[in-house]
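Peer 1: sequence unknown, structure follows:
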């Protein structure tokens, strides 16, 4: 019994120190997002590469950014891109955690990430829709963006 008490104390003290963190490293987070299988039975990296080829350069991948917040058990991976005449943006976002490995869209029901999750063809339709919006005057773009939450139709 006397020998079991010090062994128990050592196990309690060293257990949390040796535990793996839930927040992945930057490289691991990017790899998890790139290798994520979408509902279109392909990976995110393949869908983005397909979009670059299919749009003839109108869509260009800019890279990945990993954001960390203190006291949050996940990292946010943002995919940066340039579409048409708009300035570069990092509008595609995923939340990533390890132990166990988990990747999910930051906003599952809105934006281009939703369409990326539905496969290459849905993503290309969304890019075409965004490109059409670029041709409209700025005031009309602002009005449509303000009214979008009240639109009863899903134009995907």
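Peer 2: Perfect, thanks for sending it. The structure presented is a predicted model; accordingly, all values stated were derived computationally and were not measured.

Peer 1: shaky segments in the protein?
Peer 2: 1-21, 154-156 (pLDDT under 70).

Peer 1: could you pull out the helices for it?
Peer 2: 4-18, 26-34, 44-54, 111-117, 120-134, 138-147 (DSSP state H).

Peer 1: packing partners for the shortest one?
Peer 2: Meaning helix 111-117. helix 44-54, strand 89-97, strand 102-105, helix 120-134 (3 or more CB pairs under 8 Å, 6 or more residues apart in numbering; DSSP states H and E). C-beta: built from backbone N, CA, C; applies to glycine.

Peer 1: ok, for residue 131, nearest residue in space, not its chain neighbours?
Peer 2: residue 84 (5.0 Å; CB to CB, 6 or more residues apart in numbering).

Peer 1: Ok, residue 126 next?
Peer 2: Using CB to CB, 6+ apart, the nearest residue to residue 126 is residue 115, at 3.6 Å.

Peer 1: For residue 150, see how far away that neighbour is.
Peer 2: Distance of residue 115 to residue 150, given as CB to CB, to the nearest Å: 20 Å.

Peer 1: Just to check, the residue nearest to residue 126 is in contact with residue 125?
Peer 2: Yes - here residue 115 reaches residue 125: they are 7.0 Å apart, a contact under CB atoms under 8 Å.

Peer 1: Look at these two and report which has more neighbours.
Peer 2: The neighbour comparison of residue 115 against residue 125 (other CB atoms under 10 Å) goes to residue 115, with 22 against 14.

Peer 1: and the residue lying closest to residue 24 once chain neighbours are set aside, how many residues sit next to it?
Peer 2: The shortest distance from residue 24 to any non-neighbouring residue, by CB to CB, 6+ apart, is to residue 98 (4.4 Å). Neighbours of residue 98 under the rule other CB under 10 Å: 19.

Peer 1: what's the answer for residue 65, then?
Peer 2: Neighbours of residue 65 using other CB under 10 Å come to 14.

Peer 1: same thing with residue 122?
Peer 2: 19.

Peer 1: swap in residue 108?
Peer 2: For residue 108, using other CB under 10 Å, the count is 10.
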